[in-house]
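I'll drop the sequence and a predicted model, then ask my questions.
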There are 2 protein chains.
Amino acid sequence: MGRLLVVGSMAFDTVRTPFGEATDVLGGSATYFSTAASFFTGVDLIAVVGEDFPEQHIEFLQSRGIDLTGLERRSGATFRWRGEYTYQLNEAHTLETQLNVLETFRPKIPDQYRSPDMLFLGNIDPDLQSDVLNQVARPRLVACDTMNFWIDGKRDALWNVLQHIDILIINDGEARELGQDSNLVKVAKDIMARGPKQLIIKRGEYGVLMFTKKQVFGAPAFPLEYVKDPTGAGDTFAGGFMGYLAASGDCSEENLRKAIIFGSVMASFTVEAFSLDRLRDLDKKEIDHRFREFKRLTHFDDLT
Amino acid sequence: MGRLLVVGSMAFDTVRTPFGEATDVLGGSATYFSTAASFFTGVDLIAVVGEDFPEQHIEFLQSRGIDLTGLERRSGATFRWRGEYTYQLNEAHTLETQLNVLETFRPKIPDQYRSPDMLFLGNIDPDLQSDVLNQVARPRLVACDTMNFWIDGKRDALWNVLQHIDILIINDGEARELGQDSNLVKVAKDIMARGPKQLIIKRGEYGVLMFTKKQVFGAPAFPLEYVKDPTGAGDTFAGGFMGYLAASGDCSEENLRKAIIFGSVMASFTVEAFSLDRLRDLDKKEIDHRFREFKRLTHFDDLT
């Protein structure tokens, strides 16, 4: 079972959806990612929090077996995000961002983290992502997230990172922006010609597409009657995806497909409650059960 | 092999997309539906055209084995639709509608059509849909399409039709409007409680969901590098879906799923060219080949 390293944000989120609201709850890309991955494998985490970050959150992450040696605690306040969703739950509207300690974050990789089996570069400044890559022995697999803010503002730095990674995991709007075309098949060819061997495009309630050099895989999202809060679904997806890959140690096309379903399963749980609450009482049996439901959701007979 | 009856529109379409334009080309729901279905089974068509409708279109439909006994030819002009698409190809913007002979259309079912094995009620006034239902012996399977115009304007008449059909095939915006909720799982339960045994929700480039009493089936759309014109994709889907069902004579859950893939396959061809042009030179081998590609697109291994 390979060790998985994640670099990303930890945050306090204040979220309003048509189904309720939550104030200053646990959030952040590294938080969702590592918690989701922890159901499959050991996770080492690099992030920064402020002095206002409560011990109970630390204890929760530790209870999931997540190694927090790389969690930096600084004077100042933790990163805060405030946003809302309308009934069109696929798109978050950011109302406020307070970077706080994240503003001057420079990831430092502890010695014992420097040979990860797999690495996930969460959505941070691409220069910092490169910095992290330079501090570790080349992992077997590197995946990376980003956002429009970096695609627009630091395009060259981002392309530089993408030359050194294996899998880019972004949403469809970001893919179109990065590939500068509306057609996702063209976009995928363009992006993969410049670095990543695989491109995974997250489409929220519409599911996921994975482009590899020769194939495409498509999976719908799990249809849910109760969706409370989509925050963190993308990072949870990535965590389930890489957690399963690291645990199985198999990066074949077939296993990447299975990993995408595990990522989708984890994301489908996350959106059922605010913050990470649904993941708190989740167990492996429920995860496997929903994987089987996914199989039933998508199955059709071969041509005879 | 069961006989399939369709009632719908025939039209001249003028369409502009980012990839070109076409003026006064063959279109209409019954046209796309019957052409797609004709690759699988015999189709009887009920529609109306004006005196301006050229013989070459009649000959094309006849060459596909479509029975045009029920095609009414009236003095006046054929129904015309003009619309455009932006790069967001999922949504048509109607620029002009000339109902012409469609305005006073009252479907009359020829005697030899009155015992169809399966019936598709294309998107026309729900009162006319009821009228058609009253003129035929109850078919083994009745499917129905509609649009927001009727959902808003003739809600009661529409619910009345829906009590007498088996499968409602609409897009996601229409489903939300009809079910008066944003959540498709809730919407499906609500709609199925009031009549249809199955609800098929078309999501354009995002694929299809089918709700049955106990299950959900989800399939992505086939990812295409070249999409020229989405016009008719929904009717083509319905035609492939019902054509395959009528040909196989099997309405089991498993076969409905296969039929959805055949519908998706046919729609994926239609959007590759303007009007019905891609269907003109299509053959069964290409259809089966793309079905197998769909299987590869969506396959993942079982949990071991």
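Alright, I've got the coordinates.

near chain B, which residues of the stretch 1-150 of chain A show up?
A:P18, A:Y87, A:Q88, A:L89 (CB under 8 Å from any CB of the partner chain). Yep, even glycine has a C-beta here, placed from its N, CA and C like the rest.

burial measure for A:K284, as a count.
9 (other CB atoms under 10 Å in any protein chain shown).

swap that for A:D302, please
Other residues within reach of A:D302, judged by other CB under 10 Å, total 9.

ok so, going back, could you dump the residues of the stretch 1-150 of chain A next to chain B to TSV with neighbour count and pLDDT?
Formatted as TSV, the residues of the stretch 1-150 of chain A next to chain B follow (neighbours: other CB atoms under 10 Å in any protein chain shown; pLDDT from 0 to 100):
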residue	neighbour count	pLDDT
A:P18	15	93
A:Y87	11	85
A:Q88	11	81
A:L89	20	85
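
CSV for those, including distance to A:I66?
Converted to CSV, these look like this (distance: CB to CB, whole Å):
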residue, distance to A:I66
A:P18, 32
A:Y87, 34
A:Q88, 33
A:L89, 28
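
any chance of TSV for the residues you listed, columns secondary structure?
Putting those into TSV (DSSP: H, G, I helix; E, B strand; the rest coil) gives the following:
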residue	secondary structure
A:P18	coil
A:Y87	coil
A:Q88	coil
A:L89	coil
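
widest-spaced pair of the residues you listed?
A:P18 and A:Q88 (9.7 Å; CB to CB).

near chain B, which residues of the stretch 201-304 of chain A?
Counting by CB under 8 Å from any CB, the stretch 201-304 of chain A sits next to chain B at A:203, A:206-207, A:209, A:215-221, A:223-227, A:254-255, A:257-258, A:260-261, A:288, A:291-292, A:295-303.

which residues are in contact with A:R278?
Applying CB atoms under 8 Å, 6 or more residues apart in numbering or on different chains, we find A:R278 in contact with A:F269, A:T270, A:V271, A:E272.

neighbours of the second one, how many?
Read it as A:T270. A:T270: 29 neighbours (other CB under 10 Å).

do the same with the first one
Under the neighbour criterion other CB under 10 Å, A:F269 is assigned a count of 23.

was I right about it contacting A:L282?
Yes. With contact defined as CB atoms under 8 Å, A:F269 counts as touching A:L282 (5.8 Å).

any idea which element the nearest residue to A:G240 once chain neighbours are set aside lies in?
Spatial nearest neighbour of A:G240, chain neighbours left out: A:M266 (3.2 Å); criterion: CB to CB, 6 or more residues apart in numbering or on different chains. A:M266 is part of helix A:253-270 when elements are defined by DSSP states H and E.

so after that helix, what's the next helix or strand?
helix A:277-280.

which SS class is A:V187?
What three-state DSSP gives for A:V187 is helix.

now it: how far from A:D117?
Note on A:V187: its distance to A:D117, by CB to CB, to the nearest Å, is 29 Å.

re the thing from before, need the buried ones from the residues of the stretch 201-304 of chain A next to chain B selected in PyMOL.
Paste this into PyMOL to select the buried members of these, with burial taken from 16 or more other CB atoms under 10 Å in any protein chain shown:
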select buried, chain A and resi 203+206+207+209+216+217+218+219+220+221+223+227+255+257+258+260+261+291+297+298+300
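
all the helices of chain A, residue numbers only.
Assigned by DSSP state H, the helices in chain A fall at A:29-37, A:55-63, A:126-135, A:148-153, A:155-162, A:172-179, A:184-193, A:233-248, A:253-270, A:277-280, A:284-298.

elements contacting the last one?
Helix A:284-298 makes packing contacts with helix A:253-270, strand B:216-219 when contacts are defined by 3 or more CB pairs under 8 Å, 6 or more residues apart in numbering or on different chains; DSSP states H and E.

export the last one to PDB, keeping only CA atoms.
Read that as strand B:216-219. The C-alpha atoms that make up strand B:216-219 are tabulated as PDB, following Å, rounded to 0.1, in the frame of the first residue of the first chain:
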ATOM      1  CA  VAL B 216     -32.100   4.500 -12.400                       C
ATOM      2  CA  PHE B 217     -29.900   4.100 -15.500                       C
ATOM      3  CA  GLY B 218     -27.400   6.800 -16.500                       C
ATOM      4  CA  ALA B 219     -25.400   7.000 -19.700                       C
END
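
and that strand, what does it pack onto?
helix A:284-298, strand B:208-211, helix B:253-270.

any idea how far it is from the chain center?
18 Å (CA atoms, centre = their mean, to the nearest Å).

what residues of stretch A:95-102 count as buried?
Neighbour counts using 16+ other CB under 10 Å place A:N100, A:V101, A:L102 of stretch A:95-102 among the buried residues.

if we only consider those, which is nearest to chain B?
Among those, A:L102 lies closest to chain B (CB to the nearest CB), at 33.0 Å.

for that closest one, which non-adjacent residue is closest in space?
A:F79 (4.1 Å).

now do the contacts for the residue in the stretch 1-150 of chain A positioned nearest to chain B.
In the stretch 1-150 of chain A, the residue that lies nearest chain B is A:Y87 (3.9 Å; CB to the nearest CB). By CB under 8 Å, 6+ apart, the contact list for A:Y87 reads A:P18, B:S182.

so who does the residue lying closest to A:K202 once chain neighbours are set aside touch?
What sits nearest to A:K202 in space, not counting adjacent residues and going by CB to CB, 6+ apart, is A:N171, at 4.7 Å. The contact partners of A:N171, by CB under 8 Å, 6+ apart, come to A:I201, A:K202, A:R203, A:G204, A:G234.

the last one reaches A:A267, doesn't it?
Yes. Using CB under 8 Å, A:G234 is in contact with A:A267, at 7.4 Å.

who has more neighbours, the two?
A:A267 (28 against 23).

which residues touch the residue lying closest to A:I58 once chain neighbours are set aside?
Leaving aside its sequence neighbours, A:I58 sits nearest to A:L68 (CB to CB, 6+ apart; 6.6 Å). With contacts defined as CB under 8 Å, 6+ apart, A:L68 is in contact with A:L45, A:I58, A:L61, A:Q62.

cutoff 10 Å now
Shown in contact with A:L68 (CB atoms under 10 Å, 6 or more residues apart in numbering or on different chains): A:S34, A:V43, A:D44, A:L45, A:I46, A:A47, A:V49, A:I58, A:L61, A:Q62.

for it, phi and psi?
Dihedral pair for A:L68: phi -110, psi 20, per degrees, to the nearest 10.

distance of A:T231 relative to A:T23?
Distance from A:T231 to A:T23, by CB to CB: 13 Å.

those two - which one has more neighbours?
Neighbour count, other CB under 10 Å: between A:T231 and A:T23, A:T231 has more, with 25 against 11.

wait, A:T31 touches A:A37, no?
No. Applying CB atoms under 10 Å as the test, A:T31 and A:A37 come out as separate, 11.1 Å apart.

need the contact list for the closest residue to A:S38 other than its chain neighbours.
On the basis of CB to CB, 6+ apart, the spatially nearest residue to A:S38 that is not a chain neighbour turns out to be A:R64, at 4.0 Å. For A:R64, the contacting residues are A:S34, A:T35, A:A36, A:A37, A:S38, A:F39, A:V43, A:L276, A:L279, A:R280, by CB under 10 Å, 6+ apart.

make JSON lines from those and add neighbour count and pLDDT to it.
Output for the contacts of A:R64, formatted as JSON lines (neighbours: other CB under 10 Å; pLDDT from 0 to 100):
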{"residue": "A:S34", "neighbour count": "31", "pLDDT": "98"}
{"residue": "A:T35", "neighbour count": "28", "pLDDT": "98"}
{"residue": "A:A36", "neighbour count": "33", "pLDDT": "98"}
{"residue": "A:A37", "neighbour count": "33", "pLDDT": "98"}
{"residue": "A:S38", "neighbour count": "20", "pLDDT": "98"}
{"residue": "A:F39", "neighbour count": "23", "pLDDT": "98"}
{"residue": "A:V43", "neighbour count": "29", "pLDDT": "98"}
{"residue": "A:L276", "neighbour count": "25", "pLDDT": "98"}
{"residue": "A:L279", "neighbour count": "23", "pLDDT": "98"}
{"residue": "A:R280", "neighbour count": "13", "pLDDT": "97"}
